[in-house]
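In: 3D model of this:
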Amino acid sequence: MRDLRDRLDRAWLTASRLTPDGGARCVMFMSAREGEGTSSLAASFAMMAARKSQKATWLIDLDLRRNAMFAAFERGVFRDAGAPGRAFDASLRTDPIYMLSPPGLERGSENADKKLLTVHEIKGTRLLVSRFRNEELRPGQRVQLRTQPAWWDTVRRAADWVVVDAPALSRSPAGLAMAAQMDGVIIVLQADSTGAEEVMGLRREIETHGGRVIGVVINRIGADARFADRLAG
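Out: The predicted structure follows:
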């Protein structure tokens, strides 16, 4: 993961114009394929948002089993941000955005199932980064995301920005499941690896699932202006 804040000026301006009905602006980053730099851009955008937040910015990693976003902050990917601090319960007294199969933890507490998602304040910032407590799952137990509008509404009230890092569509449909809860979705791609038709297909999928695409961030586009023109058309 890399600090890409210098590539996000246009995305920031576009997202700043969003006018949600109430609470935080909620923006998701998503790509068609793995390896497009989505997590780097989502984390970088969240760092920008945290600097301008009065309450907080929540950075939600939808790839629950990997917790790659939390691990990146543990490694110190941003020089001007500290390590993740203590864990806070992210259930917010509402049903979570995941379900367990089969349900129930070894200690037999239904409420414990609802408290596996935590957020950690990044020291020196107003950023909170999510982490899923995989170590609490039983062997063979699976976790699956589900749409919970009430949870998203509660997060919005607690923050100024909510930034969501979705796994690539080639790996998981998690981003599509959450697209309707977002104010806007930003598609991420590398011009040398993903065709315009593939990106437009992702855009159609997002819109079919109730999402709104507000922009495309192209990594390492170089001189391939024709590719950018096809996306803008």
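
In: quick one: distance of the one helix or strand M178 maps to to the chain centre.
Out: Using DSSP states H and E, M178 falls within helix 174-178. Averaging C-alpha positions (Cα atoms, centre = their mean, to the nearest Å) puts helix 174-178 10 Å from its chain's average.

In: any idea of the mean pLDDT in it?
Out: The average of the pLDDT scores along helix 174-178 is 96.

In: for the helix or strand that it is followed by, name the packing helices and strands.
Out: Going down the chain from helix 174-178, the next helix or strand is strand 184-190, by DSSP H and E. In terms of contacts (3 or more Cβ pairs under 8 Å, 6 or more residues apart in numbering; DSSP states H and E), strand 184-190 is packed against helix 9-16, strand 25-31, helix 38-52, helix 196-208, strand 213-219. Every C-beta, even on glycine, is put in place using the N, C-alpha and C of the backbone.

In: how far away is D89 from V119?
Out: 8 Å (Cβ to Cβ, to the nearest Å).

In: kindly report the same for A11.
Out: 23 Å.

In: thinking again about what came up before, highest average neighbour count across the helices and strands packed on strand 184-190?
Out: strand 25-31 (a mean of 26; mean count of other Cβ atoms under 10 Å).

In: what angle sits between that one and strand 213-219?
Out: Between strand 25-31 and strand 213-219, the angle comes out at 50 degrees (axes from the mean of the first three to the mean of the last three Cα atoms, to 10 degrees).

In: quick one: strand 25-31 to helix 38-52, angle?
Out: 160 degrees.

In: list the contacts of strand 25-31.
Out: 15-16, 18, 20, 37-39, 41-42, 45, 152, 155-156, 160-166, 168-169, 175, 178-179, 181-189, 194, 202, 206, 211, 214, 217 (Cβ atoms under 8 Å, 6 or more residues apart in numbering).

In: which of the residues you listed count as buried?
Out: Buried members of these, scored by 16 or more other Cβ atoms under 10 Å, are 15, 37-39, 41-42, 45, 152, 155-156, 160-166, 168-169, 175, 178-179, 181-189, 194, 202, 206, 211, 214, 217.

In: please name the spatially closest residue to D89 (chain neighbours excluded).
Out: Using Cβ to Cβ, 6 or more residues apart in numbering and skipping residues adjacent in sequence, the residue nearest D89 is K115, 5.4 Å away.

In: state the distance from A174 to D63.
Out: A174 is 7 Å from D63, by Cβ to Cβ.

In: now for those two: what residues contact both?
Out: A166, P167.

In: where does pLDDT dip in the chain?
Out: The chain contains residues with pLDDT under 70 at 104-112, 191-194, 220-233.

In: hang on, the earlier thing: what about D89 and V119, which has more around it?
Out: V119 (24 against 12; other Cβ atoms under 10 Å).

In: the nearest residue to the more buried one once chain neighbours are set aside pairs with what?
Out: Leaving out its chain neighbours, the residue that sits closest to V119 by Cβ to Cβ, 6+ apart is L128, at 4.2 Å. Per DSSP bridges, the residues bridged to L128 are W58, E121.

In: list the contacts of L128.
Out: So L128 contacts A56, T57, W58, L59, F88, V119, H120, E121, I122, A159 (Cβ under 8 Å, 6+ apart).

In: how about a cut-off of 10 Å?
Out: Going by Cβ atoms under 10 Å, 6 or more residues apart in numbering, L128 touches 46, 50, 56-60, 84-85, 88, 90, 118-122, 155, 158-159, 162.

In: same check, this time on A180
Out: T147, P149, W152, I206, H209, G210, G211, R212.
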